[in-house]
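Visitor: Next come a sequence and a model predicted from it.
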Amino acid sequence: MHTERTDRTRPGADPGLFTPESVTWQLHADPMMWIAGIRALYLQALHPRAVRGVMQNSDFRRDAWGRLMRTAAFVGTTTYGTTEAAERAGARVRKIHSMLGATDPDTGERYGVDEPELLLWVHCAEIDSYLHVVRRSGFRLTDAQADRYVAEHRVSARLVGLDPGAVPADEAELTAYFVKTRPELAAGTEARTVDDFLLRPPTHPLLVPARALLWRRVAQLAYAALPPYAHDLYGRPAPPPAAVTRRLRATGTSLRGVPARLRWQLPPKHILRAMSRLGPGSRPAPYKVGR
């Protein structure tokens, strides 16, 4: 969604699909996006047809990290990359999805993983998770700015093959979508596999203590941030909402204490490349959201 270039970007530089003036540009630079991404995996796994498409086309337990990193790369490219790079990333995703299908073991039905219903579920689970976790952890957004964020992601929905007009345009529509979809959700065998992996990902024996100390806390926090109906479906309780919010805020405060330039050095450096292309005025920062 192009907006008019301002004096904060270099003349002639391509700001990409979202631009430095978008809520997305600021919010996606927040370190809590990683926890939000794990929450999205938990939520996405509750749609039996959607998660079956993942399981039948990849070895999730061996490639889950790859899947998470590919999603992060797609989000980074479409948020901070050039228009050409974002469109190319979208075309690649659409091509891959068009070649994949899954089979319902109960009915024998064969269906494509690019069915609009399934793409919409994955999209909404991601956008809801990104917005919910980052905002709940202390990133300040007004309700109008949150609505703007949801509306901006009709662009990312188009990239994966959805009709933007059929995608929620604000938080109220996003909430209504989840209410409508709730009866279709279940924690089946595939969802249990995702849950088990996220709690106990395969690792080198020497790293098992670190997995128990660090990773499990991250996964448990992402799980705790799910909506109550998701906890009910998985059958595992979560701490009281107020306690979860405190943990999210404490984690957000801690991670945001790490200098942004240091965090952004991690590959593939989407943000640093965008700043190099557009100029230092394009640097993401929460205080820019209201401009």
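Guide: Thanks, I have it.

Visitor: hey, where'd the strands end up in the stretch 51-200 of the chain?
Guide: 101-103, 110-112 (DSSP state E, counting those that start in this stretch).

Visitor: Quickly run through the sheet partners of the last one, with directions.
Guide: Looking back up the chat, that one is strand 110-112. Partners of strand 110-112 in the sheet, by DSSP bridges, are strand 101-103 (antiparallel).

Visitor: The strand it pairs with: which residues count as buried?
Guide: If you call a residue buried by 16 or more other CB atoms under 10 Å, then strand 101-103 has these buried ones: residue 102. No exception for glycine: its C-beta is placed from N, CA and C like everyone else's.

Visitor: For that strand, give the mean pLDDT please.
Guide: Averaged across strand 101-103, the pLDDT comes to 96.

Visitor: Pretty sure residue 132 sits against residue 222.
Guide: No: if you go by CB atoms under 8 Å, residue 132 and residue 222 don't touch, sitting 10.8 Å apart.

Visitor: Make TSV out of the strands of the stretch 51-200 of the chain and add distance to residue 255.
Guide: Listed next are those as TSV, based on distance: least, CB to CB, whole Å:
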stretch	distance to residue 255
strand 101-103	36
strand 110-112	38
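
Visitor: Out of those strands, which is closest to residue 20?
Guide: When those are compared by CB to CB, strand 110-112 sits nearest residue 20, at 36.3 Å.

Visitor: overlap in contacts of residue 132 and residue 222?
Guide: When contacts are counted by CB atoms under 8 Å, 6 or more residues apart in numbering, residue 132 and residue 222 are jointly contacted by 36, 39.

Visitor: what residue lies at the spatial centre of this structure?
Guide: residue 126 (3.9 Å; CA atoms, centre = their mean).

Visitor: got a list of what that one touches?
Guide: Going by CB under 8 Å, 6+ apart, the list of residues near residue 126 reads 37, 40, 44, 71.

Visitor: cool, residue 29 as well?
Guide: Listed by CB under 8 Å, 6+ apart, the contact set of residue 29 reads 260, 264, 271, 284-285.

Visitor: can we see that at 7 Å?
Guide: 271, 284 (CB atoms under 7 Å, 6 or more residues apart in numbering).

Visitor: next one: residue 216
Guide: By CB under 7 Å, 6+ apart, the neighbours of residue 216 are residue 199.

Visitor: mind checking how far it is from residue 200?
Guide: 8 Å (CB to CB, to the nearest Å).

Visitor: swap in residue 75?
Guide: 26 Å.

Visitor: so where is the stretch 151-291 of the chain shaky, pLDDT-wise?
Guide: 202-208, 210-213, 290-291 (pLDDT under 70).

Visitor: What segments of it are helices?
Guide: 154-159, 171-181, 189-199, 208-210, 216-224, 228-234, 241-256, 260-263, 270-278 (DSSP state H, counting those that start in this stretch).

Visitor: Can you say which of those helices is nearest to residue 85?
Guide: Closest among those, once you apply CB to CB, is helix 270-278, at 9.6 Å.

Visitor: which parts of that closest one are buried?
Guide: 270-275, 277-278.

Visitor: which outside residues touch that helix?
Guide: 9-10, 13, 15, 20, 29, 76-77, 80-81, 264, 282-284.

Visitor: Those residues, buried ones only, as a ChimeraX selection?
Guide: Command for ChimeraX that selects the buried part of the contacts of helix 270-278, burial taken from 16+ other CB under 10 Å:
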select :9,15,20,29,76,77,80,81,264,282,283,284
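
Visitor: With distance to residue 138 added, can I get the contacts of helix 270-278 in CSV?
Guide: Converted to CSV, the contacts of helix 270-278 look like this (distance: CB to CB, whole Å):
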residue, distance to residue 138
9, 28
10, 32
13, 31
15, 27
20, 22
29, 14
76, 22
77, 27
80, 22
81, 27
264, 19
282, 23
283, 19
284, 16
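
Visitor: Which single one of the contacts of helix 270-278 is nearest to residue 162?
Guide: Top of the list for closeness to residue 162, among the contacts of helix 270-278 and by CB to CB, is residue 77 at 17.8 Å.

Visitor: Nothing else from me, thank you.
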